[in-house]
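Participant: Got a sequence here, can you model it:
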Amino acid sequence: MNLLNNINQTMNALIQTVQQSVVRVGNGRSGFGAGTIWHSDGLILTNAHVVQRRRDPEVTLADGRTFPAQLLATDETLDLAALYIAANNLPTIELGHSSQLKTGDWVVAVGHPWGVINAANWGTVIAVGQPLEQNGYHGELVQLGIQLRPGHSGGPLVAGDGRLVGINTMIAGPKVGLAIPVDIAKKFLQEKMGSAASAA
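Facilitator: Residues are numbered from 1 along each chain as shown. Coordinates of the predicted model:
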């Protein structure tokens, strides 16, 4: 029982820390996705499909503050987008290395499924690589034993040590989710915005 309590306390502390770096991305009307604070000076990473068709995206921080967002870069093939808001001293998540993930590793996905703010699901890594039956996406993905839902998109996937290892992107089955590896996100930011943007 003590072991279970210790695990619960550790996971709760990890999730509470991560939640501070998760934002809502919306258009002020209906529906929203998630985003992950990448830099403390206002750089936010989310999915391209979260910001598409949103002419005036708004970002709401965990503390309730809302900012108009500027779209800095997007790549629909990778399903990644970078936003900027005029804010600083924002909480970030330490970056990990998705290349070090192994099958069976515990991970936590945070987002806003069905509008539930900062909900967390945890499960294990199924595999890292290109899914055999994923239509419309031809890159590497982290395949998860986690039930992602609409609203998780753009939120962080973190490893057991609390480091960012992916950006949640899509549902692959009833209890299978997919995330874009953080190493690919780093490369996206480096190519679009320069080397300084790829490191938190």
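Participant: Which parts of this protein are strands?
Facilitator: For the chain, the strands defined by DSSP state E cover 22-26, 32-37, 43-46, 58-60, 66-68, 70-75, 80-84, 106-111, 119-129, 141-144, 156-159, 164-173, 176-181.
Participant: For the fifth one, the averaged confidence score.
Facilitator: Per-residue pLDDT values across strand 66-68 average out to 95.
Participant: How about residues contacting that strand?
Facilitator: Strand 66-68 has contacts (Cβ atoms under 8 Å, 6 or more residues apart in numbering) with 56-61, 85-87. Where C-beta positions appear, they are placed from N, C-alpha and C, glycine not excepted.
Participant: ok now it, how far from the chain's centre?
Facilitator: Taking Cα atoms, centre = their mean, to the nearest Å, one finds strand 66-68 lying 19 Å from the centre of the chain it belongs to.
Participant: got the buried residues for it?
Facilitator: For strand 66-68, a neighbour-count test (16 or more other Cβ atoms under 10 Å) marks Phe67 as buried.
Participant: Next: the first one.
Facilitator: By neighbour count, and taking 16+ other Cβ under 10 Å as the criterion, the buried residues in strand 22-26 are 22-26.
Participant: same thing with the longest one?
Facilitator: Going by neighbour count (16+ other Cβ under 10 Å), the buried part of strand 119-129 is 119-123, 125-126, 128.
Participant: for stretch 124-144, same thing?
Facilitator: 125-126, 128, 131, 137, 140-144.
Participant: if I look at Ile44, how far off is Pro174?
Facilitator: Relative to Pro174, Ile44 is positioned 30 Å away (Cβ to Cβ, to the nearest Å).
Participant: ok, the two, which is more surrounded?
Facilitator: Ile44 (28 against 6; other Cβ atoms under 10 Å).
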